[in-house]
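[1] everything below, folded, please.
(one chain, ligands or ions: 1)
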Amino acid sequence: TRIPVITIDGPTASGKGTIAHRVAEALGWVVLDSGALYRLTALAVQQQGVDPDDEIAVAQVAHDLDVAFQGDRVMLSGIDVASLIRQENIGNLASKIAAYPPLRCALLERQRAFRLAPGLVADGRDMGTVVFPDAPLKIFLEADVRARAERRCKQLKEKGFSANLMRLLEDMRERDARDRTRANAPLVAAPDAKTVDSSALSIDETVNVVLDYWSSLG
Ligand code: C5P
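    Residues are numbered from 1 along each chain as shown. Prediction:
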């Protein structure tokens, strides 16, 4: 049998990353933050002065990325860029280039390589629909846009970045609309996904919902 995968897809700031890390920790599994790969590509495009409208050049940057995930550190060509890639301008550029089919194709095998024993928790937009369609458990994590903007605002301020709630709300609506309506791998729940609305749930409660689904598959 294949190595198991739990996919956690959903819109920006729905808590996917936190939930994925906590579930992986509880199970002793590997974790994949696929959004980080899109963000790393965006950062590398910016740093290398590549034209962000050139789909082929952007895919080439992704193909050549030298990345390593080491605990909380995200190394790009040997430099820790974990906090740089969390900035809103990089998130917005990531969302723009994520619509390019050649880029998505360039990142496909890189993502599948994270499927290592004893199991993988993968978070993103298309983990359950495109990258790991055979995953035995697929979660679609929702939360209303206001709750998500407030979480992101708090998160950014904690990291010492400035943040404006109204700006964030607007950016988030725009990014979600783009992610949901793009032709290639849009943000959509897989037909066999369990939808979880975390607006009114704590992190612990959300983690437990996912772990309960997993143990019920027994
Ligand atoms: O999840 P995160 O906000 O870090 O992702 C940044 C952007 O990367 C998203 O807005 C989305 O457009 C893109 N993305 C994607 N497919 C994924 C993960 C992220 O298109 N699996």
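
[2] how about the residues of the chain that lie near the ligand?
    Contacts of the chain with the ligand, taken as C-beta under 6 Å from any ligand atom, map to 12, 34-35, 38-39, 91, 94-95, 98, 124-127, 175, 179. In short, each C-beta sits where N, CA and C put it, glycine included.

[3] for these, which one is nearest E150?
    T12 (12.7 Å; C-beta to C-beta).

[4] tally of neighbours for the closest one?
    22 (other C-beta atoms under 10 Å).

[5] report pLDDT for it.
    Listed pLDDT for T12 reads 87.

[6] so it sits in a helix?
    No: using DSSP: H, G, I helix; E, B strand; the rest coil, the assignment for T12 is coil, not a helix.

[7] for it, give me phi and psi.
    Backbone torsions of T12, given as degrees, to the nearest 10, read phi -50, psi 130.

[8] I'd assumed D176 was in contact with it.
    Yes: if you go by C-beta atoms under 8 Å, T12 and D176 touch, sitting 6.1 Å apart.

[9] any idea how far apart the tips of stretch 25-36 sit?
    19 Å (C-alpha to C-alpha, to the nearest Å).

[10] in it, what counts as buried?
    Within stretch 25-36, the residues scored as buried using 16 or more other C-beta atoms under 10 Å are 27, 29-36.

[11] list the contacts of W214.
    W214 is in contact with 6, 23, 27, 137, counting by C-beta atoms under 8 Å, 6 or more residues apart in numbering.

[12] so which of these is the most crowded?
    Neighbour-wise, the contacts of W214 (other C-beta under 10 Å) top out at I6, 29 neighbours.

[13] assign a three-state SS to that one, would you?
    What three-state DSSP gives for I6 is strand.

[14] alright, I will stop here.
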